[in-house]
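[1] Dropping a prediction and its sequence here:
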Protein chains: 2
Amino acid sequence: MTTLQDCRARDAADPLRPLRDLFVLPDGVTYLDGNSLGPLPRAAAARIAKAVEHEWGQGLIRSWNDAGWFAMPQRVGDRIGSWIGARAGEVVATDTTSANLYKVLSAALSIAAQDRPGHRVVLSERSNFPTDLYIAQALCAERDCELRLVEAEELPAALGDRVAVLLLTHVNYRTGAMHDMAALTRAAHEGGALAIWDLAHSAGAVPVDLHAAQADFAIGCGYKYLNGGPGCPAFLWVHPKHADRFSQPLAGWWGHAVPFEFTPEYRPAPGVARYLCGTQPVLSMVGLDCGLDALDASLPHGGMQALRAKSLALTDLFIGLVEQRCGDAGLRLVTPREHADRGSQVCLAREEGAYAIMQALIARGVIGDFRAPDILRFGFTPLYVGFEDTWNAVEHLRQVFESDEWRQARFQQRHAVT
Amino acid sequence: MTTLQDCRARDAADPLRPLRDLFVLPDGVTYLDGNSLGPLPRAAAARIAKAVEHEWGQGLIRSWNDAGWFAMPQRVGDRIGSWIGARAGEVVATDTTSANLYKVLSAALSIAAQDRPGHRVVLSERSNFPTDLYIAQALCAERDCELRLVEAEELPAALGDRVAVLLLTHVNYRTGAMHDMAALTRAAHEGGALAIWDLAHSAGAVPVDLHAAQADFAIGCGYKYLNGGPGCPAFLWVHPKHADRFSQPLAGWWGHAVPFEFTPEYRPAPGVARYLCGTQPVLSMVGLDCGLDALDASLPHGGMQALRAKSLALTDLFIGLVEQRCGDAGLRLVTPREHADRGSQVCLAREEGAYAIMQALIARGVIGDFRAPDILRFGFTPLYVGFEDTWNAVEHLRQVFESDEWRQARFQQRHAVT
């Protein structure tokens, strides 16, 4: 039986513990929703204020050069690249995950059409994050391709059949299950398909090595485990062997070889810069830069290896405590127990009341989120979540059931964003 | 002969003069580049700090509901709509101008393909802002259409010939020339074409009435005359008669009818909301909201009618003073003298040294910008530019020529962003 004292002892012994102080964590809140929106890095308020008051206010248009705004998509992209096994110059921070998927899937389909004209299927997982499926639907309709959706376990078998592109999210948003990126990419290539990986729930959360996995394209999100702030720019990686082969359809001026020559003919920039389109939101990009500072602060403490070890320890602890203390609450563990198959979150399903249960938890200061129709989702970001936090979360969950308070009408009322 | 005293008297009599105090204008700077990046509204620093520290820092994920982040694209879009003759619910603030053009041009081509299958030309102006041409090139290649570029005066004649879409920027970025939106839209419709208007240099700068002009689609920029801050979200308008006819290819989850149901099938939201795609940069969107506050502050002083009158007075004054005081400097007026044909900027061409002349002006605190190959561009935003500012700008220009300082090597060195 794990006790609160055990958890406190583990916090005291945790070498990553000091990193928690890099974040603003409101009093009375146990924040287990960093997989939806990471918290505010403490240094960000001053840095964003400087961008507003000094760079915008005093520098005005000159800050495109003087404050380095112009180079931010590449500079911030390189910083993200260091966490996902990309090399310098291969990643840009820009636009949204959805728009970036549109770009890379479009390029991948163009490459496939040239190299494997008979391959006209985009293969994905039925439970992939919906925006990935929506974008794929739209592009498949345009390109006269088929979007084929299967269950995770059916993927290897489905890869044989005229698949042009395998499109997967590395860590599933609803279950926390993690794919074997290298194995599935290998299987895709053997079947003649390219592999696109959505790293929304991976970047900064789990070890990713795009080059080692020989992936073809990747996209991901800045505001989850990269702690870049609400709606900050997403990112995009293209394997250098593909980068110059095709331009993408969102061919705006920022992807031009010489944007400030203002020539009427589009000529794509070399490399991943051609995946830029329009002017990026600087203030939100500065937030992302601050989030990466906080992540980089883990490097002297072991970096991703230490983060991953703690993440697994936290999710193991959470699973164990839920079983130990909420064993009769009707909760079903959705997230895989195998470490190799698990991201940095734990999802529990409950047939009745999942939404209201999460609302009751949030009212108690334990913030996770609900994912329709029946999922309670808890994200564990080892940069700032501790072992005692994990104990507290389960204790509140236990009390929500013990008190039956989740049945109160106020917890049933749906919000716009759930 | 206009004198400095005349200019001071006009400032003293200007009913819009108090609005200048709503902006941060650095000491020693005469800012004539608000058509590239509007200055910082004084209230924005505190408002953005609140979004960072309170909404992100304390509210965390709850702020999507509690701070109204979720509804911002529509709420801010409606505010923009009030300045361009759109009705409530017809505009969204989102993404970039380039991405938004991709969406509306795609929808327009789909409508044209259905209504006028023989019409397969996108007609635009050779000197349109390049990103508009690049996006049109990419989409025309995809849709097997032709992008036809003509000079402004050739537009009416070119409209007869199988044109599907007329794509124009209302006020030209290089010349400051303004099209007659109603007349060209009427001519487009008579020839069986739809009309898309890029309002990047119009929204907040000149009177625009999309419904009166019977336009079909419009897009525009938030960080120029709307003063929304570097790279803040752009906007998009679709005439309600078209809004539900087609979904656009950037079919991400934010354009879904029920995004938080997480259904695997895309079902577009009714109306313009289907033109949303991914999560928007909240901090940059808050900046845009502040820019609109400053613009709305002109309403008790006469709103657009007063702004337009002052804008024309300022650009008239600038043109007159340049002729009076720099008459032998080899400058050629590019911007039309006719009020009806002029936006809110004045452009001067000079065969030799335009880049260096602008750098010398900037070193003196007069900030305009250079547009390749030979244009000196001066934006006049009546919210914060005054008559004495205009005098000062021309006086510095005169001194730059008199001293020949623009020939110094330091002014020849090109920056990344020019």
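    Yes, it's here.
[2] quick one: is stretch A:86-96 near chain B?
    Yes. Residues of stretch A:86-96 contacting chain B under CB under 8 Å from any CB of the partner chain: A:Asp95, A:Thr96. Bear in mind the C-beta positions are built from the backbone N, C-alpha and C, glycine included.
[3] centre of the chain versus that stretch, how much separation?
    14 Å (CA atoms, centre = their mean, to the nearest Å).
[4] How about the backbone phi and psi for A:Gly220?
    phi -180, psi -180 (degrees, to the nearest 10).
[5] Export the lengthiest helix in chain A to PDB, keeping only CA atoms.
    For chain A, the longest helix by residue count, based on DSSP state H, is helix A:303-325. These are the backbone C-alpha positions of helix A:303-325, laid out as PDB (Å, rounded to 0.1, in the frame of the first residue of the first chain):
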ATOM      1  CA  GLY A 303      16.700  15.900 -20.000                       C
ATOM      2  CA  MET A 304      14.300  13.600 -21.800                       C
ATOM      3  CA  GLN A 305      15.600  10.500 -20.100                       C
ATOM      4  CA  ALA A 306      14.900  11.900 -16.700                       C
ATOM      5  CA  LEU A 307      11.600  13.300 -17.700                       C
ATOM      6  CA  ARG A 308      10.500  10.100 -19.200                       C
ATOM      7  CA  ALA A 309      11.500   8.100 -16.100                       C
ATOM      8  CA  LYS A 310       9.600  10.400 -13.900                       C
ATOM      9  CA  SER A 311       6.600  10.500 -16.200                       C
ATOM     10  CA  LEU A 312       6.300   6.700 -16.100                       C
ATOM     11  CA  ALA A 313       6.800   6.800 -12.300                       C
ATOM     12  CA  LEU A 314       3.900   9.300 -12.000                       C
ATOM     13  CA  THR A 315       1.500   7.500 -14.300                       C
ATOM     14  CA  ASP A 316       2.400   4.100 -12.600                       C
ATOM     15  CA  LEU A 317       1.700   5.700  -9.200                       C
ATOM     16  CA  PHE A 318      -1.600   7.200 -10.400                       C
ATOM     17  CA  ILE A 319      -2.800   3.900 -11.900                       C
ATOM     18  CA  GLY A 320      -1.800   2.100  -8.700                       C
ATOM     19  CA  LEU A 321      -3.500   4.600  -6.400                       C
ATOM     20  CA  VAL A 322      -6.700   4.600  -8.400                       C
ATOM     21  CA  GLU A 323      -6.800   0.800  -8.100                       C
ATOM     22  CA  GLN A 324      -5.900   0.900  -4.400                       C
ATOM     23  CA  ARG A 325      -8.300   3.700  -3.400                       C
END
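[6] buried ones in that helix?
    The neighbour-count check on helix A:303-325 (16 or more other CB atoms under 10 Å in any protein chain shown) flags A:303-304, A:306-308, A:310-319, A:321-322, A:325 as buried.
[7] Now name the helix or strand holding A:Leu348.
    Assessed by DSSP states H and E, A:Leu348 sits inside strand A:345-349.
[8] So what are the sheet partners of that strand and their directions?
    strand A:332-333 (antiparallel), strand A:375-379 (antiparallel) (DSSP bridges).
[9] Now do the contacts for the residue of the stretch 301-418 of chain A found nearest chain B.
    Distance from chain B to each residue of the stretch 301-418 of chain A (CB to the nearest CB) is smallest for A:Val417, at 3.9 Å. A:Val417 makes contact with B:Trp64, B:Asn65, B:Phe70, B:Phe260 under the criterion CB atoms under 8 Å, 6 or more residues apart in numbering or on different chains.
[10] Could you check the pLDDT of whatever residue of the stretch 51-200 of chain A ends up closest to chain B?
    Using CB to the nearest CB, the single residue of the stretch 51-200 of chain A nearest to chain B is A:Thr96, 2.6 Å away. With respect to pLDDT, A:Thr96 scores 98.
[11] can you check A:Phe318 too?
    pLDDT recorded at A:Phe318 is 98.
[12] what's the helix or strand that the strand holding A:Leu348 is followed by in contact with?
    Sequence-wise, the next helix or strand downstream of strand A:345-349 (DSSP H and E) is helix A:354-363. Applying CB under 8 Å, 6+ apart, the set of residues contacting helix A:354-363 from outside is A:350, A:367-370, A:373-376, A:393, A:396-397, A:400-401, A:405-408, A:410-414, A:418, B:62.
[13] Any of those residues buried? List them.
    Buried by 16+ other CB under 10 Å: A:350, A:367-370, A:374-376, A:393, A:396-397, A:400-401, A:405-406, A:411, A:418, B:62, out of the contacts of helix A:354-363.
[14] Point to the helix or strand of chain A where mean pLDDT is at its lowest.
    The helix or strand of chain A with the poorest confidence is strand A:369-371; it has a mean of 93 (mean pLDDT, DSSP states H and E).
[15] Any part of that one near chain B?
    Yes. Counting by CB under 8 Å from any CB, chain B is contacted by strand A:369-371 at A:Asp369, A:Arg371.
[16] circling back: name the stretch among the strands paired with strand A:345-349 that sits most buried.
    Ranked by mean neighbour count, the strands paired with strand A:345-349 are led by strand A:375-379 with a mean of 26 (mean count of other CB atoms under 10 Å in any protein chain shown).
[17] could you check the angle helix A:354-363 makes with that strand?
    Using axes from the mean of the first three to the mean of the last three CA atoms, to 10 degrees, one finds that strand A:375-379 and helix A:354-363 are set 40 degrees apart in direction.
[18] where exactly do the strands run in the stretch 101-250 of chain A?
    Secondary structure of the stretch 101-250 of chain A, counting by DSSP state E, counting those that start in this stretch: strands at A:121-125, A:146-150, A:163-169, A:194-198, A:217-220, A:235-238.
[19] before we move on, the earlier item: the least confident helix or strand of chain A - contacts with which helices or strands?
    Packed against strand A:369-371 by the contact rule (3 or more CB pairs under 8 Å, 6 or more residues apart in numbering or on different chains; DSSP states H and E) you find helix A:354-363, strand A:375-379.
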